[in-house]
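Colleague: coordinates only, sequence not included:
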C-alpha cells in the first residue's frame, strides 16, 4: 500500500494563481500598456512656419513627454510651463531663435521636470525689483536647462526649492547672471558667465545649496560669485577672473560653503573675501594676480578654514585677517607686493599653521595692533622684510616651531611694546639679526630657539627693550650671539652661545 505522503514528492500539474499573484500580473500588464500608449502618443509640436505661431500655444497643446520644436525667429512672449513634463528645444542656430521681451520672464517653469535647450533668452521686467526679476524663472520642480544663451535681460532665477540643472550655457549682459535663493538646489556646471552688471552667480538664503562646478565667470561689474544669507553651496573647479569686485565673496553668519579647487585671478578687487560671520571651507584654490588681497577674512565670528591654497603674485597682500579667527594652514603664499599674511586688531586670533610663506616684497607674516594669533610650524623664507614682524602694545602672539630663514632683513622683529612668546623656532641665514627686539615696553619671552648663521647678531636688543632670553642655542652669527643696546634691559638666562 502506497503512503499518501509520497504524493508530495511527485510533481503535480499546474494550479491556478492566487488572488495576489493575479493582481500583480494584472498591474504589470496595465503598466506596460500605459507605457506603450505613452510612447505612441508623444508628439512633436512645431513652432514657426507651418506650425504654431507662438511657443505658448504649443506648450498649451502639449502633454507629458511631448517635444516643442522651435524654428528660428523672434518670439516676444512670456511662456509658462507648469506641472507638465515636456521638452522645448530650438531647431536651428541657437542665436537665431530668440525668446523674450521686457514685460516679464521669457520662461517661467513651475513645478516641472521639463527640458529647455538650444534657445537664446532675453528680457525680463525691469520694473520688478524682487527675486522674480528674471529672464528665465524657475520655481519648484527640477527642470533641465542646457545649451542656452541668456543675454541682455534679467538672467536666470532659481527659487522656491527648485532643483534641476543649468549646464553648457552662456549667460551674459544681464543684471545677475544666475540668482539662486529660497532653498533651491540646482546643479550649475560648465557654463560661461560674463559681463553681467552685478554678481555672475548670487546664492542666497539658508537651505540654498546648489552645486556650482566647472564654470567660467569673468568680466562682471560685481562679484564673480556671491554667497550670502546662510547659503551652503559647493563651489568647485570654476575659473573666476577679471571681475570688478571680489572673485568670490562669502558673507553672513551661517553662510558655510565649500570653496574648492577654483582658480581666481586678475580681479580688480580681491580674490576671495569672507566677512560678517561666515564660516566657509576654502581649500585647494589657486588665487593670483588680483589687484587687492588674495584672501581677506574680516569681522568677529568669521572663522573659515583656509587650507592648502596657493596665493601668489597679488598687487597687495596674500591673506589679511582683521577681527576674525580663521584656521590658516598648509597654504603656499608667495610673491605678493606687500605682506604674505597680515594679522591686525584686538580679538584677531587665527591659527596660522604649517604654511609656506616666501619671496614677499614685505614681511612674510605681519602681526600688529593687539592681535594674538598662534603662528606655528610654518616655513618662512626669502622675504624682503622680516620673516615675522610683531609690533604694537597688546600684540601678544605665540610664535612656535617655525623655520625662518634666508630673509633679506631680520628673521623675527618685535617692536613698539609687543609681548609675544617666541619659542622652539629655527631661525637662520638672515641678512640682519636673527631676532630683533626694539623699543621701550617691548618684553617678549625668547626661549629655546636655535638662531644661527646670520649676517647680523643672533639676538639684537635695542632702545629700552626688556625681553627674557633663555635656553636658546645661538651660534655662528657674524655679529655675535646677543647684542644689547646701552639703554636696553634684557633678562638673559642660560643660553648655548658660540660665535
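Modeller: Here it is on my side, so go on. None of the values given here were measured: they were computed from a predicted structure. Numbers count the residues shown, from 1 in each chain.

Colleague: okay, and for the stretch 1-150 of the chain, where does confidence drop off?
Modeller: Counting by pLDDT under 70, the low-confidence segments of the stretch 1-150 of the chain come to 1-41, 125-133.

Colleague: which ones are touching the residue most central in space within the chain?
Modeller: The centre of the chain sits closest to residue 259, judged by Cα atoms, centre = their mean, with a distance of 2.9 Å. In this structure, residue 259 makes contact with 235, 236, 248, 250, 272, 280, 281, 282, 283, 285, judged by Cβ atoms under 8 Å, 6 or more residues apart in numbering. To be clear about C-beta, it is placed using only N, CA and C from the backbone, and glycine gets the same treatment.

Colleague: partner residues bridging it?
Modeller: On DSSP bridges, the residues paired with residue 259 through beta bridges are residue 235, residue 282.

Colleague: out of the contacts of residue 259, which end up buried?
Modeller: When burial is judged by neighbour count using 16 or more other Cβ atoms under 10 Å, the buried members of those are 235, 236, 248, 250, 272, 280, 281, 282, 283, 285.

Colleague: mind listing what the fifth one touches?
Modeller: The reference is to residue 272. The contact partners of residue 272, taken as Cβ under 8 Å, 6+ apart, are 246-250, 259, 264, 282, 285, 287, 294-296.

Colleague: repeat for the fourth one
Modeller: Applying Cβ under 8 Å, 6+ apart, we find residue 250 in contact with 227, 228, 257, 259, 272, 273, 274, 275, 278, 280, 304.

Colleague: residue 59 looks like it's in a strand, true?
Modeller: No. Remark: residue 59 does not belong to a strand; assigned using DSSP: H, G, I helix; E, B strand; the rest coil, it is helix.

Colleague: so it sits against residue 88, correct?
Modeller: Yes. Contact between residue 59 and residue 88 holds when scored by Cβ atoms under 8 Å: they sit 7.2 Å apart.

Colleague: what's the burial count for residue 498?
Modeller: Neighbouring residues of residue 498 were enumerated by other Cβ atoms under 10 Å; the total is 11.

Colleague: so it bridges to which residues?
Modeller: If you apply DSSP bridges, the partners that residue 498 bridges to are residue 475.

Colleague: ok, residue 213 next?
Modeller: The residues listed as beta-bridge partners of residue 213 by DSSP bridges are residue 189, residue 236.

Colleague: from residue 249, how far out is it?
Modeller: With distances defined as Cβ to Cβ, to the nearest Å, the gap from residue 213 to residue 249 amounts to 19 Å.

Colleague: that's a strand at residue 95, yeah?
Modeller: No. The assignment for residue 95 is helix, going by three-state DSSP, so no strand is present there.

Colleague: separation between it and residue 147?
Modeller: Relative to residue 147, residue 95 is positioned 12 Å away (Cβ to Cβ).

Colleague: try residue 76
Modeller: Using Cβ to Cβ, we find residue 76 at a distance of 22 Å from residue 147.

Colleague: thinking again about what came up before, neighbour count for residue 59 and residue 88, which is higher?
Modeller: Neighbours per residue (other Cβ under 10 Å) separate residue 59 from residue 88, with residue 88 holding more: 27 against 22.

Colleague: show me the contacts for that one.
Modeller: The neighbourhood of residue 88, defined by Cβ under 8 Å, 6+ apart, consists of 55, 59, 67-68, 70, 79, 81, 107, 114-117, 119.

Colleague: tell me which residues in stretch 492-499 are buried?
Modeller: For stretch 492-499, a neighbour-count test (16+ other Cβ under 10 Å) marks 492, 495, 497 as buried.

Colleague: please look at the last one and residue 471 and confirm they touch.
Modeller: No. Checked against Cβ under 8 Å, the pair residue 497 and residue 471 is beyond contact range at 11.5 Å.

Colleague: gap between residue 328 and residue 399?
Modeller: The spacing between residue 328 and residue 399, counted by Cβ to Cβ, is 14 Å.

Colleague: check residue 219 too.
Modeller: According to Cβ to Cβ, residue 219 stands 42 Å off from residue 399.

Colleague: who has more neighbours out of the two?
Modeller: Neighbours around residue 219 and residue 399, counted as other Cβ under 10 Å, are more numerous at residue 399. The numbers are 28 against 16.

Colleague: contacts for the helix or strand harbouring that one, please.
Modeller: Using DSSP states H and E, residue 399 falls within strand 398-400. For strand 398-400, contacts defined as Cβ under 8 Å, 6+ apart pick out 373-377, 388, 390, 412, 420-425.
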